[in-house]
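**Student:** Generate coordinates for the sequence data below:
(one chain, ligands or ions: 2)
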Amino acid sequence: MSTHHSDPWRWRELVARELRLAPAVHEVPVREAAGRVLASAVRSPEDVPAVAVSAMDGFAVRRADLLAPAPTRLPVAMDLPARLGAVGALAPGSAARIMTGAPVPAGADLIVEVEATDADPRGAAPAEVVLAPRALPEPLRHVRGPGEEIARGAVLAQAGDRVGAGLIGLACTLGIPGLPVHGAVRVGVVVTGDELVGEPAAAGADHAAGTADEAPGAVRESNGAMLAAALEADGCTVRILRSGDEPAQLEAVLDEAADGADLVLTTGGIGHGAYDVVKELLGPHGRDTSRFSHLALRPGGPQGLGVLRGGVPVVHLPGTPVGALVGLHLFVRPLLPGADAAPRGMLLEDPHGRIARSRARDGLVVEPGRTVHGPDGSTRAVLQDGRRLAPYGRADLLVLGGAGAQTAQADTALVVPL
Ligand SMILES: Nc1nc2c(c(=O)[nH]1)N[C@H]1C(S)=C(S)[C@@H](COP(=O)(O)OP(=O)(O)OC[C@H]3O[C@@H](n4cnc5c(N)ncnc54)[C@H](O)[C@@H]3O)O[C@H]1N2
Ligand code: MOO
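**Tutor:** Residues are numbered from 1 along each chain as shown. Ligands and ions are numbered 1, 2, ... in the order given. Next comes the predicted model:
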């Protein structure tokens, strides 16, 4: 790969900087927010607990009344279950039987757990109790103060977090009725090429079986369904459209794709040939609204980005299916709210040393890998055998090699989950 090719990491930054997706934001009822991506941070509207409550079943007392370590006999003046209703003050020289979660009466400053008394934990409250803690408890022992669990204003989750069961429980605890989540990112995928045959693969459609033999040079369209599968896994909704290699046709198809979309992707037509329709229409000799580059990246070298009519961002991916898939994962997924696209280090099993050898090359070299969990608790990326497309049948990782993916440990590679 020659050195004039641009750095893929810088391209990734450029795409993220220039193309901002603005998917709709909805406030949805808490139960419907599960699995969606937060559009803004969620803060606690109140203190939890709202007032001081007991953390133990036992007796609320005034510390000054305890003779500990000697036992103390006190009359039981109140019985406080964890129920609704106002709680009066505790008279000096008396105890209140109290249950876990019940508000601590004014005047009481600690709880003696029932195990440290002579009281029967069941049945009616006794008239008197002997309190025998081993030592004099610290002030506020077993009292949970206001805001001790959750302080009012505390950030419970950040924008971009996926809503999980924990946040749903918190929202219910706090009486938060709805959460602000992103609507699905609507993506128009435009596949280009006069050689493509078969119906564009609508979700659930029986995909174009047998049609490739109908004409010499025909290629079954596969990028649409492949990219849609990856995008839908990130919660996007996808429309697949097709264009031939005529700029006028592509122009009309792009207008249609951009209508109601947050993002448009194209595949094909960005190489160095005579019929590169995407480049011809949108590049410097056409509308000049997209820029194109050949990155030091294999596969997926040719890439582009721009803005369509109506301000809709567009990413141009190469036509080769593996190049398009790599481009999607490296450059498009980082734009999608909640997508898990960050490269991470993983132990690598590479029996033929392909990644190690690739490190002599510029930029990034991408190979398909599969996650394997060892009996020793280790997780490893195992490189899949085969050329180009075939090993992607079982791949769940992109394994990054080349000089642009050096890691500190030789047995570790950067991977991106597929
Ligand atoms: N002179 C040079 N030629 C090429 C270079 C180069 O550096 N110098 N780079 C090569 C690389 S790398 C790639 S990748 C391709 C990119 O070209 P395009 O993005 O214009 O892709 P197409 O030519 O349209 O298609 C390439 C290949 O993929 C098949 N294809 C396209 N779309 C689909 C689809 N939707 N489903 C299935 N298959 C598809 C298409 O039939 C071609 O076989 O440029 C190289 N050339
Ligand atoms: O960059 Mo291309 O054919 O290697 O996808």
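**Student:** neighbours of Glu13, just the number please.
**Tutor:** By other Cβ atoms under 10 Å, 12 other residues sit near Glu13. In this view, the C-beta of every residue, glycine as well, is placed from N, C-alpha and C.
**Student:** Which elements pack onto the helix or strand hosting it?
**Tutor:** Taking DSSP states H and E as the criterion, Glu13 maps to helix 8-18. The helices and strands touching helix 8-18, judged by 3 or more Cβ pairs under 8 Å, 6 or more residues apart in numbering; DSSP states H and E, are strand 302-307.
**Student:** how about the strand it packs on against ligand 1, any contact?
**Tutor:** Yes - Strand 302-307 lies within reach of ligand 1 by Cβ under 6 Å from any ligand atom, at Pro302.
**Student:** Show me what that strand pairs with in its sheet, parallel or antiparallel.
**Tutor:** strand 290-294 (antiparallel), strand 313-317 (antiparallel) (DSSP bridges).
**Student:** Adding distance to ligand 1 and mean pLDDT as columns, could you present the ones you listed in JSON lines?
**Tutor:** Below are the strands paired with strand 302-307 laid out as JSON lines (distance: least, Cβ to the nearest ligand atom, whole Å; pLDDT from 0 to 100):
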{"stretch": "strand 290-294", "distance to ligand 1": "6", "mean pLDDT": "97"}
{"stretch": "strand 313-317", "distance to ligand 1": "7", "mean pLDDT": "98"}
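**Student:** Figure out which of those is closest to Pro121.
**Tutor:** The closest of the strands paired with strand 302-307 to Pro121 is strand 313-317. By Cβ to Cβ, the value is 64.8 Å.
**Student:** Just give me the residue closest to the centre of the chain.
**Tutor:** Gly338 (3.6 Å; Cα atoms, centre = their mean).
**Student:** And Trp9, how close does it get to Ser290?
**Tutor:** 21 Å (Cβ to Cβ, to the nearest Å).
**Student:** of the two, who's got more company?
**Tutor:** Using other Cβ under 10 Å, the more surrounded residue of Trp9 and Ser290 is Ser290, with 22 against 17.
**Student:** and the closest residue to that one other than its chain neighbours, how many neighbours?
**Tutor:** Distance criterion Cβ to Cβ, 6 or more residues apart in numbering; nearest residue to Ser290, sequence neighbours excluded, is Gly306 at 2.7 Å. Neighbourhood size, Gly306 [other Cβ under 10 Å]: 22.
**Student:** so Gly306 makes contact with Val312?
**Tutor:** No - using Cβ atoms under 8 Å, Gly306 is not in contact with Val312, being 9.8 Å away.
**Student:** mind checking the SS state of the closest residue to ligand 2 within the chain?
**Tutor:** Per Cβ to the nearest ligand atom, Gly323 is where the chain lies closest to ligand 2, at 2.2 Å. Here Gly323 takes the helix state, with states given by DSSP: H, G, I helix; E, B strand; the rest coil.
**Student:** how close does it get to Leu389?
**Tutor:** Computed as Cβ to Cβ, the Gly323 to Leu389 distance reads 10 Å.
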